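Colleague: got a sequence here, can you build the structure:
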Amino acid sequence: MFAPDGAPEIRAGSDLAEIVAPLVELADGDIVVVTSKVVSKAEGRVRAGTREAALAEETVRVVARRGETAIVRTRHGLTMAAAGIDASNVEAGSIVLLPLDPDASARGLRTRLRQRTGRNVALIVTDTAGRAWREGQTDIAIGAAGLLVAEDYAGRLDGYGNELEVTLPAVADEIAGAAELAQGKLGGRPFAVVRGRSDLVLPTGEEGPGARSLVRADGADLFGYGAREAVVRALRAEEQDRPAFGAPAEPGELAAAIRTVVPDASVAVEAGLLIVSDGESRTVAAVAFAFGWRPVDAPGVDDLRFRPATP
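Modeller: Purely as a prediction, here's the structure:
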């Protein structure tokens, strides 16, 4: 992997393929890595203002907030601090928003490089992100074209004959992080080339699933909200907040949770309904909401009844 010097300042309308091509002699099977910052600049995603002013329009929902730090889910499906809005490496008083469609940006640049150089390369658009449970940040792929973004090892055997079940290396993210080592944060090298993994590069005309395929669907992640936010959302129990909690839990799992929180409650399952008596209603309802169950109106009965929120 190597990152060439000599890149000029990128402005709205800059042709990134025309800029990259003279900087490095590309070969078939190379993977070209480009920071989202220069893609956004070329696409006119720079504006005057502050992160706070632009945050709402870039946010689908807030995942967690601690003081001034907001972790949000963007319309791209990414979960990032401040929706990936950046105020570094740009003129004072300006901010850079993420590309509108990073996969489309990657496809366009891949096509232009093919036209410009005649080489079949893959393309990755990267951005910097933090990780839960770990300090520091690393670059990840937010856009990709012509690349096998993940290698599926499920069903293969290891050296001891054990069958792998869920091993799925996100190679696009691994390449993004590796390329950033060559680029550096302050080196003025927004382009990098990774050579030696042509097995991941797809033939001309095949774009692959893109980096979007690495994003889990809302609700499929086990951590749809921060710890504090999950409590508030469950107690508020608004329908719009339900998807982030995921699919409904099995009746036995919900029953066990209710008994843990409200030990005096009587919990039974009958005909697909969970019936709870002798429990504090708001607490029981909040637990049920978090586990994907909704209340059932039952006029004339004193107990609480719940059914799965989806069939």
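Colleague: how far away is residue 253 from residue 268?
Modeller: 15 Å (C-beta to C-beta, to the nearest Å). C-beta here means a position set from N, CA and C on the backbone, and glycine is covered the same way.
Colleague: how about residue 203?
Modeller: Separation of residue 203 from residue 268 (C-beta to C-beta): 59 Å.
Colleague: compare those two (neighbour count), which wins?
Modeller: Set residue 203 next to residue 268 and count neighbours by other C-beta atoms under 10 Å: residue 268 wins out with 12 against 7.
Colleague: SS state for the more buried one?
Modeller: Assigned with DSSP: H, G, I helix; E, B strand; the rest coil, residue 268 falls in the strand class.
Colleague: spit out the contact partners of it.
Modeller: Residue 268 makes contact with 274-275, according to C-beta atoms under 8 Å, 6 or more residues apart in numbering.
Colleague: point out where this protein drops to low pLDDT.
Modeller: 311 (pLDDT under 70).
Colleague: pick out the residue nearest the middle of it.
Modeller: Central residue of the chain (C-alpha atoms, centre = their mean): residue 78, 3.1 Å from the mean position.
Colleague: could you report the neighbour count for residue 218?
Modeller: By other C-beta under 10 Å, the residues close to residue 218 number 15.
Colleague: all helices for the stretch 151-300 of the chain, in order.
Modeller: Listed in chain order, the helices of the stretch 151-300 of the chain (DSSP state H, counting those that start in this stretch) span 171-183, 227-236, 251-261, 281-290.
Colleague: elements contacting the last one?
Modeller: I take that to be helix 281-290. Taking 3 or more C-beta pairs under 8 Å, 6 or more residues apart in numbering; DSSP states H and E as contact, the helices and strands that helix 281-290 lies on are helix 227-236, helix 251-261, strand 293-295, strand 304-308.
Colleague: so of those, which one's packed in deepest?
Modeller: strand 304-308 (a mean of 20; mean count of other C-beta atoms under 10 Å).
Colleague: elements contacting that strand?
Modeller: Strand 304-308 packs on strand 273-277, helix 281-290, strand 293-295, going by 3+ C-beta pairs under 8 Å, 6+ apart.
Colleague: could you pull out the strands in the stretch 51-200 of the chain for me?
Modeller: Applying DSSP state E, counting those that start in this stretch to the stretch 51-200 of the chain gives strands spanning 59-66, 69-74, 79-81, 94-96, 122-131, 134-145, 191-194.
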